[in-house]
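In: Predicted model follows, preceded by the sequence.
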Amino acid sequence: MKTYFSNRIYKNKIDAIAVLSIEHALLLFGQAKQFAFSTQVKEKRSGHSRREESMFLTVKKKYQLNDYYTNSAVQEAKALFSSCEELTKLYINEKEEKVKTIKKKIKATKSRLTVLRKIKQSIIKGKPTFNQTSREQKRGNYFVVEYKKQTDLYYDLYAFEHFYLESEMKRLRQRIGLLTFRLNRTLQKIQSLKTTTRSVVFGTKKLFKYQFTKPEYIKKHEKWKQEYIHARYNQMTISGRKDAKYGNFVFQYNSETHVLSFQTPNGTPVQFQGLVFPYGQEQVNQAIEKQINCKNKKQFGKPIAWGIEDHKEYYLVKCMVQEEVNEHINYSKSDGVIGIDCNVDHFAVSNVNEIGQLVDSFVQHFDLTGKTSNQITKLIENEVIALVNYAVKHHKPIAVERLDTTISKGKNIYGNKKANARMSLFAYRKMLDAIKSRAAKMGVAVFEVNPAYTSQIGKMKYMKKLGVSIHQAAAYVIARRAMGYKETLPPVLHSLLPEKIVGLHHWVHWKHSMNLLKGVRTHAFYQSELFDFAKFCVSHELFPPCALTDEERKGLAKIGQ
């Protein structure tokens with residue numbers, strides 16, 4: 001379904017009676033929709049029906065609407081109710097992921113507190129001992145506490161015990177208490193979401209609160225009331241019917257004279273003169289003409305929905321038509337695939353030929369920092385145009401990852417602040433929608449592949465080999481996966497697999513390798529020797545000595561590095 005917006009129809013150019021009739025129609029339609037929605041909420045909460053007839057007949061009799069207005073109001077109410085239920089499920093999933101993260105943080109904090117308690121007990125016994133992996137250590141006659149960017153030094157045991165150890169233990173106990181409180185609150189919210197049917201505030205909750213919080217509305221309550229009523233009842237949408245001559249039994253649009261005619265619920269005929277669609281006039285005309293000329297409308301007709309929005313000084317008209325399926329979409333992978341790895345500040349693109357070899361690779365950078373939602377959308381759409389044009393030029397379909405970032409954005413609440421900020425800025429859904437929309441318009445197929453280990457495979461296997469960045473290598477893996485290629489481990493890493501997982505799926509192999517090398521910086525893989533099996537057998541080194549830091553060498557000690 002595609003929506004096209006008309007030009008502005010100013011009220012001062014319309015008959016006053018027509019304006020009043022439209023306002024009455026919007027008010028009546030909004031009240032009918034609100035009543036239908038609230039009735040569904042009350043019935044869900046109580047567990048039994050509050051009416052003797054169907055929702056359609058109940059609304060029709062209560063507001064004296066005809067069948068078309070009633071049907072549209074009830075449909076919108078049901079859609080809103082269904083949307084609320086789906087949103088509740090999403091909230092529950094997000095909260096459950098948050099519970100897992102909080103429990104993990106509590107466990108880590110308790111473990112840290114246990115380490116400090118053991119140090120305290122050893123000091124009481126007169127023999128201070130320290131865990132080899134803890135940040136607290138004794139260096140000669142001094143006691144040191146090593147942080148990531150600094151090291152604190154204590155000159156005697158008394159200062160270490162009273163100025164650091166006791167205060168740190170107190171802080172951790174407070175931290176555990178706060179985390180436990182947050183855990184209980186989150187569990188209560190989950191229980192509330194599961195047992196309570198939530199409603200919505202028509203006119204927005206923000207505007208409703210303004211009557212108590214905004215000075216100009218506190219002093220002039222009538223002004224707020226007018227704004228609130230307008231926000232609640234400022235639009236309506238009448239669904240189409242495929243057996244109607246113009247695709248709709250309420251609205252009729254003449255594509256030659258650009259006149260939209262309809263009748264309000266109180267019987268007043270209204271006409272909008274000079275109604276045009278700046279960005280879709282041709283599509284609207286084609287849809288209406290095709291519907292008019294359709295002989296068997298009940299079987300082949302296409303419904304056309306119309307909507308009106310009241311913007312105080314003018315009206316906007318929406319026309320919703322079903323998009324025609326492009327019959328000339330290129331699904332062929334015989335020439336290769338264009339792989340795209342979407343990131344928070346750039347698109348990484350890899351062009352793969354018919355046998356899975358890299359032909360070309362590049363990056364399109366953009367900056368979403370400080371942009372509004374609409375600005376982000378336009379910026380992404382502008383970049384996507386260039387990507388799809390590149391695919392059209394090379395006569396190849398596009399491959400992207402099938403990601404769902406909704407839950408993952410709030411999953412790591414105690415992680416790195418900068419990483420979380422970048423994750424929250426990652427508008428993947430907008431990117432994917434923009435790519436699909438533009439690709440469908442240009443006749444390019446978009447394949448979605450499983451995102452499992454694409455970055456890890458690109459980093460370990462192709463980044464050094466092809467001389468590209470990790471994201472370009474990931475785009476290369478995405479394209480190859482869309483073509484059906486299987487990615488096996490490099491020879492050196494395959495030799496390190498435990499015998500019990502050798503015969504399992506290759507993704508299990510990549511998971512094991514990822515866990516072995518997760519402490520190694522991405523840049524170090526440019527100097528790796530994962531494909532030189534002969535050299536590995538002689539030196540038993542995955543990386544040259546100069547490529548790793550001391551911490552990385554310690555992390556690789558368990559596999560013989």
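Out: That came in fine, so what should we check first? Numbering: from 1, shown residues only.
In: Only C-alpha atoms from now on, for both contacts and neighbour counts.
Out: OK.
In: According to the record, where do the domains of this structure fall?
Out: If you go by automatic domain parsing, the domain ranges for the chain are 2-11+203-321, 91-195, 337-559.
In: Compare those domains and give me the one nearest Leu57.
Out: domain 2-11+203-321 (16.0 Å; Cα to Cα).
In: could you measure Ile124 against Ile17, distance?
Out: 90 Å (Cα to Cα, to the nearest Å).
In: number of nearby residues for Gly336?
Out: Neighbours of Gly336 under the rule other Cα atoms under 10 Å: 25.
In: Let me see the backbone angles for it.
Out: Note on Gly336: backbone dihedrals following degrees, to the nearest 10 are phi 120, psi -170.
In: mind listing the strands for the stretch 351-500 of the chain?
Out: Secondary structure of the stretch 351-500 of the chain by DSSP state E, counting those that start in this stretch: the strands cover 358-365, 398-401, 446-449.
In: and Ile176, that one's in a helix?
Out: Yes: counting by DSSP: H, G, I helix; E, B strand; the rest coil, Ile176 is located in a helix.
In: ok, it - contacts?
Out: Going by Cα atoms under 8 Å, 6 or more residues apart in numbering, Ile176 touches Ile106, Thr109, Lys110.
In: Could you report the distance from the second one to Gln188?
Out: When Cα to Cα is the yardstick, Thr109 and Gln188 sit 23 Å from each other.
In: quick one: which of those two has more around it?
Out: Between Thr109 and Gln188, Thr109 has the larger neighbour count (other Cα under 10 Å), namely 17 against 12.
In: Pretty sure the more buried one sits against Leu172.
Out: Yes: contact criterion Cα atoms under 8 Å: Thr109 and Leu172 qualify, at 6.7 Å.
In: quick revisit: out of the domains of the chain, flag the one nearest Ala73.
Out: Across the domains of the chain, Ala73 has its closest neighbour in domain 2-11+203-321 (8.0 Å, Cα to Cα).
In: Check the offset of the closest one from the chain's centre.
Out: Its chain's C-alpha centre and that of domain 2-11+203-321 lie 29 Å apart, by Cα atoms, centre = their mean, to the nearest Å.
In: Show the average pLDDT along that domain.
Out: In this model, domain 2-11+203-321 has an average pLDDT of 92.
In: so how far does that domain reach from one end to the other?
Out: The first-to-last residue distance of domain 2-11+203-321 comes to 5 Å (Cα to Cα).
In: what residues are up against Thr237?
Out: Listed by Cα under 8 Å, 6+ apart, the contact partners of Thr237 are Ser72, Ala305, Trp306, Gly307, Ile308.
In: and it, how far is that from Ala305?
Out: Per Cα to Cα, Thr237 is found 7 Å from Ala305.
In: Next, Thr101: phi, psi?
Out: The phi/psi pair for Thr101 (degrees, to the nearest 10) is phi -70, psi -40.
In: quick one: contacts for it?
Out: Neighbouring residues of Thr101 by Cα under 8 Å, 6+ apart: Lys411, Asn412, Ile413, Tyr414.
In: Local confidence estimate at it?
Out: So Thr101 comes in at 91 (pLDDT).
In: do the same with Glu381
Out: Per-residue confidence (pLDDT) for Glu381: 92.
In: How about the residue in this protein that sits furthest from its center?
Out: Distance from the C-alpha centroid of the chain peaks at Gly126, with 56.2 Å (Cα atoms, centre = their mean).
In: Quickly note the distance from His395 to Lys441.
Out: Relative to Lys441, His395 is positioned 14 Å away (Cα to Cα).
In: Between those two, tell me which one has more neighbours.
Out: Using other Cα under 10 Å as the criterion, His395 and Lys441 rank with His395 on top: 20 against 13.
In: The more buried one: what's it in contact with?
Out: Applying Cα under 8 Å, 6+ apart, we find His395 in contact with Asn330, Asp335.
In: Just read off the phi/psi values of it.
Out: Dihedral angles of His395 (phi, psi; degrees, to the nearest 10) stand at phi 60, psi 50.
In: pLDDT value on it, please?
Out: His395 carries a pLDDT value of 93.
In: Kindly report the same for Asn420.
Out: Asn420 is assigned 71 on the pLDDT scale.
In: So, low pLDDT: which residues of the stretch 301-450 of the chain?
Out: Along the stretch 301-450 of the chain, segments meeting pLDDT under 70 span 407-410, 425.
In: How about the contacts made by Gln188?
Out: When contacts are counted by Cα under 8 Å, 6+ apart, Gln188 touches no other residue.
In: switch to 10 Å and redo it
Out: Contacts for Gln188 (Cα atoms under 10 Å, 6 or more residues apart in numbering) come out as Arg182, Lys194.
In: With Ala159 as the reference, measure out to it.
Out: 43 Å.
In: again, but for Lys223
Out: 65 Å.
In: Over to stretch 365-384 now: how far is its first residue from its last?
Out: End-to-end distance of stretch 365-384 (Cα to Cα): 11 Å.
In: Ok, stretch 460-472 next?
Out: 13 Å.
In: cool, and stretch 213-229?
Out: Taking Cα to Cα as the measure, stretch 213-229 stretches 18 Å from start to finish.
In: So for that stretch, what gets flagged as buried?
Out: For stretch 213-229, a neighbour-count test (16 or more other Cα atoms under 10 Å) marks Tyr217, Trp224, Tyr228 as buried.
In: Now for the first one, which secondary structure element holds it?
Out: Meaning Tyr217. Using DSSP states H and E, Tyr217 sits in helix 215-219.
In: Tell me which helix or strand comes right after that helix.
Out: helix 221-232.
In: which is the next helix or strand following that next one?
Out: Once the chain leaves helix 221-232, the next helix or strand it forms, by DSSP H and E, is strand 235-238.
In: Quick one: buried ones out of the contacts of Thr101?
Out: For the contacts of Thr101, buried by 16+ other Cα under 10 Å: Lys411, Asn412.
In: Would you mind checking which of the contacts of Thr101 is nearest to Ser82?
Out: Nearest to Ser82 among the contacts of Thr101, counting by Cα to Cα, is Lys411 at 25.6 Å.
In: Isn't the closest one up against Glu97?
Out: Yes: the pair Lys411 and Glu97 passes the contact test of Cα atoms under 10 Å, sitting 5.9 Å apart.
In: Flag every buried residue along stretch 204-211.
Out: By neighbour count on 16+ other Cα under 10 Å, the buried set for stretch 204-211 is Leu207, Phe208, Tyr210, Gln211.
In: same question, stretch 473-490
Out: Buried residues in stretch 473-490 (16+ other Cα under 10 Å): 473-483, 487, 489-490.
In: Which of those sits closest to Ser167?
Out: Distance to Ser167, by Cα to Cα, is smallest for Ala474 among those, at 46.2 Å.
In: What confidence value was assigned to the closest one?
Out: So Ala474 comes in at 95 (pLDDT).
In: residue contacts, it?
Out: 339-342, 348-350, 451, 453-459, 462-463, 468, 480.
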